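# Dropping the sequence and predicted coords here.
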Amino acid sequence: MSAEPARHGKTTIAPEVLLTIARLSALGTPGVVRTSPVPGGVNRLFQRGVDDGVRLEVKEQAVSVDLYLIVEHDYNVRDVSRAVQAGVARAIEEMVGMDVLAVNVHIGDIAYPEQESQ
């Protein structure tokens, strides 16, 4: 076996990649129906990911994530939130190699099946 020389360079990850990882990981959690819009005023217009229900902040190679979600009516909200937190943190750490400072889950609503008209 021959050892290959070490390659030096730089990897840059766009914030949209982190948003996508967080959003898809949360949506893949059982009990999560969809994301909800990020609340806020004028500052909301200048933040990335606010329409996807995800807001993130990167500080010194570590990320904090806020997720705004709608949960299915027959799931335990606390259990779903904990599963989302663990799954999103694991996905970011494994896929990107960044430390995750926090995954804050904000439940915006509970989704109930629509009542059929009688």
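Yes, it's here.
# Next, the contact list for residue 83, please.
Neighbouring residues of residue 83 by C-beta atoms under 8 Å, 6 or more residues apart in numbering: 29, 30, 31. C-betas here are computed from N, CA, C, even on glycine.
# Would you reformat those residues as a markdown table and include distance to residue 79, secondary structure and neighbour count?
Below are the contacts of residue 83 laid out as a markdown table (distance: C-beta to C-beta, whole Å; DSSP: H, G, I helix; E, B strand; the rest coil; neighbours: other C-beta atoms under 10 Å):
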| residue | distance to residue 79 | secondary structure | neighbour count |
| --- | --- | --- | --- |
| 29 | 10 | coil | 22 |
| 30 | 9 | coil | 9 |
| 31 | 8 | coil | 18 |
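# what does the helix or strand harbouring residue 108 contact?
Secondary structure assigned from DSSP states H and E places residue 108 in strand 99-111. Residues outside strand 99-111 that contact it (C-beta under 8 Å, 6+ apart): 22, 33-34, 36-37, 59, 61-73, 77, 81, 84-85, 88-89, 92-93.
# Are any of these buried, and if so which?
22, 63, 65-69, 71, 81, 84-85, 88-89, 92 (16 or more other C-beta atoms under 10 Å).
# Where strands are concerned, which of those residues count?
Among the buried ones among the contacts of strand 99-111, DSSP state E puts 63, 65, 66, 67, 68, 69, 71 in strands.
# With pLDDT and distance to residue 8 added, can I get the residues you listed in a markdown table?
Below are these laid out as a markdown table (pLDDT from 0 to 100; distance: C-beta to C-beta, whole Å):
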| residue | pLDDT | distance to residue 8 |
| --- | --- | --- |
| 63 | 95 | 25 |
| 65 | 95 | 30 |
| 66 | 95 | 35 |
| 67 | 96 | 36 |
| 68 | 96 | 40 |
| 69 | 97 | 41 |
| 71 | 97 | 46 |
